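> Prediction below, plus the sequence it came from.
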Amino acid sequence: MMSEAGSGDRRRLGPRDPAVTSRMMSAVRGKDTKPELALRRALHARGARYRLHPKDVFGRPDIVVRSRRLAVFVDGDLWHGNPAEWQRRRRESLADLFPTRTEWWVDKITKTVERDREVDRRLAQLGWIVVRIWENDVLRDPEAAADRVLSRWGHGS
């Protein structure tokens, strides 16, 4: 049975094959995402130079400027719990985004948000400036995202 046209309800009628879910999840990129590349292009065009995903910096930021102790993270809206993502998808809460295995998904994303806060706290203790930018903000306006990073960097634009 299909939902009524225009109802906005895209829920599946049954559980998805775990192999399909596995393929979908393996396609989610951890590095070099479209928003990350857009931000890097905007920064590079303004003369900013940086390192990518350094293994020796806690939390492995997407972009690092060691001389300024600046760590930049481009966070995925869904996976890092951006409330604006729920609104964009016309949902009331994070739980409403997941019709199946709701508790598991909410727990997973909640733990990611907690881990992000811990990374921010630890980096700040080590003297780093942390900038977190939502993927949607970068995609909507890469130049404004670059402005935000450069303002924390103290880089002349």
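Alright, I've got the coordinates.

> can you give me the helices in the protein?
Assigned by DSSP state H, the helices in the chain fall at 18-26, 34-45, 83-88, 102-125, 135-140, 142-153.

> and those, which one is worst for confidence?
Per-stretch mean pLDDT for these is lowest at helix 18-26 (a mean of 64).

> so which of the helices of the chain gets nearest Phe73?
Among the helices of the chain, helix 102-125 comes nearest to Phe73, with 7.5 Å by C-beta to C-beta. Heads up, the C-betas are built off the backbone N, CA and C, glycines and all.

> What residues of the closest one count as buried?
Residues of helix 102-125 classed as buried: Trp105, Val106, Ile109, Asp116, Val119, Asp120, Leu123 (neighbour count, 16 or more other C-beta atoms under 10 Å).

> For the helices of the chain, could you give me TSV that also reports distance to Gly59?
As requested, the helices of the chain are exported to TSV (distance: least, C-beta to C-beta, whole Å):
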stretch	distance to Gly59
helix 18-26	21
helix 34-45	15
helix 83-88	21
helix 102-125	4
helix 135-140	17
helix 142-153	16
